[in-house]
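Student: Task: produce atomic coordinates for the following.
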Amino acid sequence: MKDLIKKIFLIGFSTVLILYVILRFSINLILHNELIDSIELTIESLIFALVFTLFQGFILIQFLKPKIAFLNSAAPMEKKFGNVEEKVNINNENFDIENFAKSLRPDFVITYSDKNIIKVRDKFNFWSWGAAAVISIDIENKNLKISAFSFNGTPGTKGTKNKKSRKLIEKIKAKI
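Tutor: From the prediction side, this is the model:
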């Protein structure tokens, strides 16, 4: 998560700073005012970009913090994340959860694992926060219960969020 936040601050700050400077110069040129002293413009632009980026980061952290905390804990799955659930039958009687967890490592970040539960998430990038899943094993009934939820912190359609969750479930099912 720290990598994602660093990227957002770096790219967000740079983008806001550049757009603000362009906007200020264009307004001054259109209105035929004197050009602002370059030092004053630089300081004003840096302060505006910093405040805007910090506000954006604060909002992002408030959306992601409960989900990240849940993934790093032994807590059971919560419905408040809007999860999509699916059960998958295990044909192999000698299903080994440790080998299954090792097979997930190249494609996912495993945030928590014990003898019955694996919690995984997609690798974050700037453009997509991806989704996360809790995989629990029911040896008696020979099935895996996969509960996935989207990290999308912005308002969006339920179909968009479920699409990310379903895509994650399909990637996990391919590893079984």
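
Student: who's in contact with T53?
Tutor: By CB atoms under 8 Å, 6 or more residues apart in numbering, the contact list for T53 reads I8, F9, G12, F13, V16. Backbone N, C-alpha and C define where each C-beta goes, glycine included.

Student: what about 7 Å?
Tutor: Counting by CB atoms under 7 Å, 6 or more residues apart in numbering, T53 touches F9, G12, F13, V16.

Student: Tell me which helix or strand the first one sits in.
Tutor: Spelled out, it's F9. helix 2-30 (DSSP states H and E).

Student: now for that helix, which elements pack on it?
Tutor: Helices and strands touching helix 2-30, by 3 or more CB pairs under 7 Å, 6 or more residues apart in numbering; DSSP states H and E, are helix 38-71.

Student: Chain neighbours aside, what residue packs nearest to the residue positioned nearest the centre of the chain?
Tutor: The centroid of the chain falls nearest to W129 when counting by CA atoms, centre = their mean (2.9 Å). Excluding the flanking residues, the one nearest W129 by CB to CB, 6 or more residues apart in numbering is F151, at 3.7 Å.

Student: you'd agree that neighbour is up against A133?
Tutor: No: applying CB atoms under 7 Å, one finds F151 not in contact with A133, separated by 11.1 Å.

Student: between those two, who's got more neighbours?
Tutor: Neighbour totals were compared for F151 and A133, and A133 leads with 26 against 23 (other CB atoms under 10 Å).

Student: Would you tell me what helix or strand that one is located in?
Tutor: strand 131-138.

Student: Tell me the helices and strands packed up against that strand.
Tutor: Using 3+ CB pairs under 7 Å, 6+ apart: strand 131-138 touches strand 117-121, strand 143-150, helix 158-175.

Student: just to revisit the earlier point, tell me which of the contacts of T53 is nearest to L46?
Tutor: F13 (8.9 Å; CB to CB).

Student: Contact partners for the closest one?
Tutor: Per CB under 7 Å, 6+ apart, neighbours of F13: A49, L50, T53.

Student: Need those residues in TSV (columns: pLDDT).
Tutor: Shown next, in TSV, are the contacts of F13 (pLDDT from 0 to 100):
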residue	pLDDT
A49	83
L50	83
T53	81
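
Student: mind putting these in CSV, distance to I59 included?
Tutor: Output for the contacts of F13, formatted as CSV (distance: CB to CB, whole Å):
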residue, distance to I59
A49, 16
L50, 15
T53, 11
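
Student: Which of these sits closest to Y20?
Tutor: A49 (6.1 Å).
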